[in-house]
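J.: Fold the following and give me the result.
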Amino acid sequence: MAPEPLIEFRNVTKRFGDRTILDGIDFKIYEGEVTTIIGLSGTGKSVSLKHIIGLLTPDSGDILYRGKPITRMSRTEWNDYIGRISYMFQNNALFDSMTVFENVALPLKRTTNLKRSEIERRAMTRIEQAELAEVAHKYPSEISGGMQKRTALARAMVTDPQVVLFDEPTTGQDPIRKNAILQMIAHYKKVYGFTAILISHEIPDVFFISNRVLVLWDKKIVFEGAPEEMENAKHPFRDEIIQSLESLQRELTGLYSRRQFKVRYQTDLAGRDDDTYAVLVFSFDNMDAIIAGVSHDAAQQVMRSLGTYLRKHFGAVGGFSSRQTLNEFITILPFSNLEEARRILEDFVGDFRSQGMAELARVFNEKIQQDACFDFSVSVGMAQGKTQVEIESVIEFARFKKELISNFQCETRREPS
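T.: Got it, this is the predicted structure:
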């Protein structure tokens, strides 16, 4: 039996004068999931979010929360509903007359009866997580656009909401910062269990953090489903939007996107039923702990460094790689067996231990305090496949066989092993 949607749009139409923005759209948001609404600029993504919190009302159709239209809620029901939702606005909506700290603390002052000391503690926790401690007492006009975006994110998270709406959370950020913000959202969602709804037209990691994707195109929802199902959608949006996502992914890591990775695999090995290939699965271990103890930016810088080493080393021998999850890369060595792949991997491990791990450690040492303590490691698994065998099963087998190749320990953190 399918679960009941937490929020549902039923035949919602919205017009501004003679211009129709949403034309009878239907979609569902499920509790505990990350749902991403993608589409090109000006397609009505922000308009959809504003309907959820009552800033806009539809010309026709209904928005339902747990099966009840929000327009038919009593005042008590509405206050309970809206109190569960937090909204991160596209333009940040910070108060110019308030400091970063005051902006972040404001929702707690307005909606809770917490003591001043507890409000300060919670606000500073979010500020530190967003790497804003050094500007906590500055005003929005005194900090960069990227810092303003992170201030808005910290404010959206400070009340520990049950539903968070993120309106273009990565706009105006560089590639590393974009990915760090998305990772921060995924991490908070895992820790606090809220339901997240994101909208964007430029999310490079939409496939990594989203349970479901909705595509808004020409006033309609033209796709609703799991991210991997988008690749098989037959609609004009597919090439244009996916190409945009892929260009950002290449900008971030220099590696193939998941879709490009599949195309490369099919092109290189198509029609070669007797040929073997090797799959290597690399993972950056303890990422959640590192995020909590260091920073989201540091984790993304480390992933970029790891991806660079993979691309340079394995690309030189005909391999190709793709980032598959927040902390995992997959490398294919076409026409290789396990013996040959093992020799190639041994060369990589030697180089990585002497140079690559030191680079990863340097990134962390730049981001943490001298008295901080952390461990992290990089692991790899390997498996051999044939073209007639589903590559997903080969990848899963490689994951099962992962072993540590290098680690960086707290007590000797400036001497990577």
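
J.: longest helix anywhere in this protein?
T.: helix 296-315 (DSSP state H).

J.: Buried ones in it, by neighbour count?
T.: 296-307, 309-311, 313-314 (16 or more other C-beta atoms under 10 Å). Where C-beta positions appear, they are placed from N, C-alpha and C, glycine not excepted.

J.: hey, where'd the helices end up in the stretch 251-400 of the chain?
T.: Ranges of helices in the stretch 251-400 of the chain, per DSSP state H, counting those that start in this stretch, are 258-269, 287-293, 296-315, 338-351, 357-367, 391-400.

J.: quick one: average confidence on the shortest one?
T.: Over the span of helix 287-293, the pLDDT mean works out to 66.

J.: any idea how far the closest residue to V47 other than its chain neighbours is from M88?
T.: In this structure, V47 finds its nearest non-sequential neighbour in I21, 5.1 Å apart by C-beta to C-beta, 6 or more residues apart in numbering. Separation of I21 from M88 (C-beta to C-beta, to the nearest Å): 21 Å.

J.: Comparing the helices of the stretch 251-400 of the chain by mean pLDDT, which bottoms out?
T.: helix 258-269 has the lowest average pLDDT among the helices of the stretch 251-400 of the chain, namely a mean of 57.

J.: so how far is S283 from the residue nearest in space to the middle of the chain?
T.: For the chain, L182 is the residue whose C-alpha lies nearest the centre (C-alpha atoms, centre = their mean; 3.5 Å). Note on L182: its distance to S283, by C-beta to C-beta, is 18 Å.

J.: what's the answer for M157, then?
T.: Relative to S283, and taking C-beta to C-beta, M157 is found at 27 Å.

J.: Pick out whichever of those two has more residues nearby.
T.: M157 (24 against 19; other C-beta atoms under 10 Å).

J.: Next one: that one, what pLDDT does it get?
T.: pLDDT, M157: 86.

J.: Got the confidence number for P107?
T.: 91.

J.: Quick check: it vs G17, distance?
T.: For P107, the distance to G17 - C-beta to C-beta - is 34 Å.

J.: So which of the two has more stuff around it?
T.: Taking neighbours as other C-beta under 10 Å, P107 and G17 compare with P107 leading, 19 against 5.

J.: Isn't that one up against R155?
T.: Yes: counting by C-beta atoms under 8 Å, R155 is a contact partner of P107 at 6.3 Å.

J.: nearest spatial neighbour of A152, skipping sequence neighbours?
T.: N92 (4.1 Å).

J.: I figured that neighbour was touching Q148, is that so?
T.: Yes: using C-beta under 8 Å, N92 is in contact with Q148, at 5.0 Å.

J.: what's the overlap in contacts for these two?
T.: Residues touching both N92 and Q148 (C-beta atoms under 8 Å, 6 or more residues apart in numbering): P140.

J.: Helix or strand with the lowest mean pLDDT in the chain?
T.: helix 237-253 (a mean of 52; mean pLDDT, DSSP states H and E).

J.: Enumerate every residue touching Q129.
T.: The contact partners of Q129, taken as C-beta under 8 Å, 6+ apart, are 154, 184.

J.: If I look at it, what pLDDT would I see?
T.: In this model, Q129 carries a pLDDT of 80.

J.: now T125
T.: pLDDT for T125: 91.
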